[in-house]
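J.: Prediction below, plus the sequence it came from.
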Amino acid sequence: MLKAMKRITSDKSWAEAQKALIHEAGYSAIWQRLNQIENHLGDIYEPETLRPAQWMDKSVQKPTKADADPWGCILLWDRHNGVKVCAWNNVQEINREPVTHWMPAPYGPRKGENK
């Protein structure tokens, strides 16, 4: 089971947080960027489940087992049919001519999110 992390920053604005970090020169940009990321992810997140959401050109890079979700799946972009789910090692499907790109499949909802 993955361990969830609590956010490092607060939900305060930089103007509010700056008072506590007044003697920490150079941390402004780091804190502000991390705060934006954590505001997007929420208060508790699992870093191990964060995956890139970027289409990869199959002629540049092929998927590996590390790119697959726990069931061995990735997403393919078929220029005629749109998004398809495929096993990461299904070379025949990945190499079909209308398939141009692939990306890691997102993880499913966290436990308790289906209510």
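T.: All right, it came through fine. Numbers count the residues shown, from 1 in each chain.
J.: quick one: secondary structure of residue 59?
T.: In terms of secondary structure, residue 59 is coil; the call rests on DSSP: H, G, I helix; E, B strand; the rest coil.
J.: end to end, how far does stretch 55-70 reach?
T.: One end of stretch 55-70 to the other measures 19 Å (Cα to Cα, to the nearest Å).
J.: State the mean pLDDT of it.
T.: Across stretch 55-70, the average pLDDT comes to 91.
J.: Counting neighbours, which bits of it end up buried?
T.: Going by neighbour count (16 or more other Cβ atoms under 10 Å), the buried part of stretch 55-70 is 56, 58, 63, 67, 68, 69. The C-beta positions use only the backbone N, C-alpha and C, and glycine is treated the same way.
J.: I'd like to know how far residue 101 sits from residue 18.
T.: Noted for residue 101: a distance of 42 Å to residue 18, by Cβ to Cβ, to the nearest Å.
J.: If you could redo that for residue 103, that was the one I meant.
T.: Noted for residue 103: a distance of 38 Å to residue 18, by Cβ to Cβ.
J.: ok, back up a step: neighbour-wise, which of residue 101 and residue 18 wins?
T.: Set residue 101 next to residue 18 and count neighbours by other Cβ atoms under 10 Å: residue 101 wins out with 18 against 15.
J.: Please look at residue 68 and residue 106 and confirm they touch.
T.: No - counting by Cβ atoms under 8 Å, residue 68 sits too far from residue 106 to count as a contact (11.8 Å).
J.: Check which helices and strands the longest helix anywhere in the chain sits against.
T.: Of all the segments assigned as helix in the chain under DSSP state H, the longest by residue count is helix 27-41. Other helices and strands packing on helix 27-41, by 3 or more Cβ pairs under 8 Å, 6 or more residues apart in numbering; DSSP states H and E, are helix 14-18.
J.: quick one: contacts for residue 78?
T.: Counting by Cβ atoms under 8 Å, 6 or more residues apart in numbering, residue 78 makes contact with 84, 96, 98, 99, 100.
J.: if you set the cut-off to 7 Å instead, what comes out?
T.: Residues touching residue 78, when contacts are defined by Cβ atoms under 7 Å, 6 or more residues apart in numbering, comprise 84, 98, 99.
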